[in-house]
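Engineer: predicted model, plus sequence, below.
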Amino acid sequence: MAVSTGGGGDDTPMSDINTTPLVDVMLVLLIIFLIAVPVVIQTVDLELPKVKYEVTTTKPENVLLSVKAGPEGCEVYWGTTRIASGELLERAVKKLEDEIERQGGVNAVGLELPEVHIRGDINTPYRCIGGTIFTMQQAGFAKVGFISEPEPGPAPAL
């Protein structure tokens, strides 16, 4: 039977770092994060639309609106003419009625309603753009789209 009496060669203190507690703590943290991450990230299974570059077809009957924030609040421009929000609804309804009449009435075969294209300044609050969208939908426009500036680079293949 062998018994160590503590005697022997070197009497220098042990200077090696004990890494076992560090490894234990890291493993516990790893296990906690592996369990916690799926609980924290809750998503609904969706199939998001694929973004693709579409060239805007400008038709004369389409409505082009520009929206920006001004000193008195939201500024909406129909083409290049500034227009008040109350007047925007009236003018939009009239434009839609005139276009439907021009194409032969509500029951006309192949009726193509005009679209609304909105250009919004990057610093415009959402309430301005959202209010414009709401007004145009209230007027009866079914298609409301946004004009944006694509990132510089090669044109994507269509």
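Structural biologist: Noted; the coordinates are in hand. The structure presented is a predicted model; accordingly, all values stated were derived computationally and were not measured.

Engineer: what about the strands in this structure?
Structural biologist: Along the chain, the segments classed as strands by DSSP state E run 63-70, 73-78, 81-83, 116-120, 144-146.

Engineer: looking at these, which is nearest to residue 34?
Structural biologist: strand 144-146 (41.0 Å; CB to CB). For the C-beta atoms, the positions are set from N, CA and C on the backbone; glycine is no exception.

Engineer: which residues touch that closest one?
Structural biologist: Applying CB atoms under 8 Å, 6 or more residues apart in numbering, the contact partners of strand 144-146 are 56, 115-120, 133, 136-137.

Engineer: now that strand: buried residues?
Structural biologist: residue 144 (16 or more other CB atoms under 10 Å).

Engineer: mind listing what it pairs with, with the direction of each?
Structural biologist: strand 116-120 (parallel) (DSSP bridges).

Engineer: which residues are contacting the partner strand?
Structural biologist: Contacts of strand 116-120 (CB under 8 Å, 6+ apart): 56, 62-68, 92, 128-129, 132-133, 136, 141, 143-147.

Engineer: hmm, back to that, filter the contacts of strand 144-146 to the buried ones?
Structural biologist: 115-120, 133, 136.

Engineer: and which of those residues is nearest residue 26?
Structural biologist: residue 120 (48.6 Å).

Engineer: is the closest one in a bridge, and if so with what?
Structural biologist: residue 67.

Engineer: for residue 39, see how far away it is.
Structural biologist: Using CB to CB, to the nearest Å, we find residue 120 at a distance of 38 Å from residue 39.

Engineer: kindly report the same for residue 133.
Structural biologist: From residue 133 to residue 39 the distance is 36 Å (CB to CB).

Engineer: likewise residue 147?
Structural biologist: In terms of CB to CB, residue 147 sits 41 Å off from residue 39.

Engineer: so between those two, which is more surrounded?
Structural biologist: Neighbour count, other CB atoms under 10 Å: between residue 147 and residue 39, residue 147 has more, with 13 against 7.

Engineer: and for that one, nearest residue in space, chain neighbours not counted?
Structural biologist: residue 119 (4.6 Å; CB to CB, 6 or more residues apart in numbering).

Engineer: show me what the lengthiest helix in the chain is packed against.
Structural biologist: As assigned by DSSP state H, the longest helix anywhere in the chain is helix 20-40. With contacts taken as 3 or more CB pairs under 8 Å, 6 or more residues apart in numbering; DSSP states H and E, helix 20-40 sits against no other helix or strand.

Engineer: figure out how far that helix is from the centre of its chain.
Structural biologist: 34 Å (CA atoms, centre = their mean, to the nearest Å).

Engineer: kind regards, and thank you for your time.
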